[in-house]
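> would you be able to build a 3D model of this:
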Amino acid sequence: MTHPYLDIHPDIAAVLQASSPVVALESTIISHGMPYPQNVATALRVEAEVRQHGATPATIAIIRGRLKVGLSREDIEYLGQTGRDVVKVSRRDIPFTVAQAATGATTVASTMIIAAMAGIRVFATGGIGGVHRGAERSFDISADLQELAITPVAVVCAGAKSILDLGLTLEYLETHGVPVVGYQTATLPAFFTRDSDFKVDYRLDSAQAIAQVMHAKWAMDLHGGMVVANPIPEAYAMQRSVIDPAIAQALREADAQPMDGKELTPFLLARVNEITGGHSLAANIELVLNNARLAAAIACAYQGLTRSAQPAG
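Here you go, the predicted structure:
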């Protein structure tokens, strides 16, 4: 099916037509996740990492009202330089951004939607959104979680962002039937740290094993996606004794200056980076690169299974 508002880069379209592996990448990590120029440099490094490991990267955004699968260097530079002035687009915002011919950076949720439109099943990001601390009062729950319940894309991440309530995030995902798979770990990574106090649903130790579960899930027409939680490399992981107090301080500061949901996560990540003297940004970059490597391996394995399941001739 051709979507009238969707533009797939010709190189990516050819790869998809050939049933070769593609990894989707989001764009709010460029505009809202990191400062310039590290954001642009990281986006280009992530694309290169995907290519190096056998898959084709497809960075996704909305550019002048068009759903773009595959961005130019100029598009990435624009998103990076414009930063938080770029519209942050989740599911609810897509039709308004398109109708107004505006440019927007896609969140996990909207990246999943556009990736699924293009036929891409694997997506690499930093960390998913989730249930915010204090959500029993604010009801602040990321749209990422509901999207995972309905859209057939596997999201490779370093767990949920550690600024969130990890326990409630897992409960929400369980309620909506979203499996959380730990890659070579039985505990949920907490973005900057390799573990947390919470268990994942399943531990799988290879990209092939993860791809087999994806293939079985969607072959049975079981809707929704999957979280693949990939711990940050040990050499770059932060100690909980360092990151937890920084998060607590950032949360106190956020409480003192109320802001809407779209502003909260970028504010918290920026403040944590300032409080840790830039260490959290360095960790963030490394975990994204690590997720890109695993996502490429999963995409390769999944496409191999898909091709072998197709009838001959």
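> okay, CA-based contacts and neighbour counts for the rest of this
Fine.
> so where do the helices sit in the stretch 1-150 of the chain?
10-17, 28-31, 38-52, 73-82, 94-99, 108-118, 135-138, 143-150 (DSSP state H, counting those that start in this stretch).
> which residues touch residue 82?
Residues near residue 82 by CA atoms under 8 Å, 6 or more residues apart in numbering: residue 31.
> state the pLDDT value of it.
pLDDT recorded at residue 82 is 96.
> what do you get for residue 310?
68.
> end to end, how far does stretch 179-196 reach?
For stretch 179-196, the first and last residues are 17 Å from each other (CA to CA, to the nearest Å).
> distance between it and the chain's centre?
15 Å (CA atoms, centre = their mean, to the nearest Å).
> and it, which residues are buried?
179-183, 185-196 (16 or more other CA atoms under 10 Å).
> what are the phi and psi angles of the residue nearest the centre of the chain?
Nearest to the geometric centre of the chain sits residue 125, at 3.0 Å (CA atoms, centre = their mean). Dihedral pair for residue 125: phi -140, psi -170, per degrees, to the nearest 10.
> residues contacting it?
25, 26, 29, 108, 155, 156, 157, 288, 291, 292.
> again, but for residue 280
Counted by CA under 8 Å, 6+ apart, residue 280 has contacts 192, 238, 272, 273.
> quick check: which element contains it?
Residue 280 is part of helix 279-309, with elements assigned from DSSP states H and E.
> now the angle from that helix to helix 38-52?
Put simply, helix 279-309 runs at 30 degrees to helix 38-52, going by axes from the mean of the first three to the mean of the last three CA atoms, to 10 degrees.
> hang on, the earlier thing: got a markdown table for the contacts of residue 125, with distance to residue 75, pLDDT and neighbour count too?
Shown next, in a markdown table, are these (distance: CA to CA, whole Å; pLDDT from 0 to 100; neighbours: other CA atoms under 10 Å):
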| residue | distance to residue 75 | pLDDT | neighbour count |
| --- | --- | --- | --- |
| 25 | 14 | 98 | 31 |
| 26 | 13 | 97 | 25 |
| 29 | 14 | 94 | 26 |
| 108 | 18 | 97 | 29 |
| 155 | 23 | 98 | 29 |
| 156 | 24 | 98 | 30 |
| 157 | 24 | 98 | 29 |
| 288 | 20 | 97 | 26 |
| 291 | 23 | 98 | 29 |
| 292 | 20 | 98 | 31 |
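> which one of those sits closest to residue 174?
Using CA to CA, the shortest approach to residue 174 within those belongs to residue 155, at 15.7 Å.
> wait, is that closest one part of a helix?
No. The assignment for residue 155, made by DSSP: H, G, I helix; E, B strand; the rest coil, is strand rather than a helix.
> quickly compare the helices of the stretch 1-150 of the chain and say which is most buried.
helix 28-31 (a mean of 28; mean count of other CA atoms under 10 Å).
> outside of it, which residues touch it?
39-40, 43, 76, 79-84, 86, 88, 105-107, 125-126.
> thanks a lot, see you next time.
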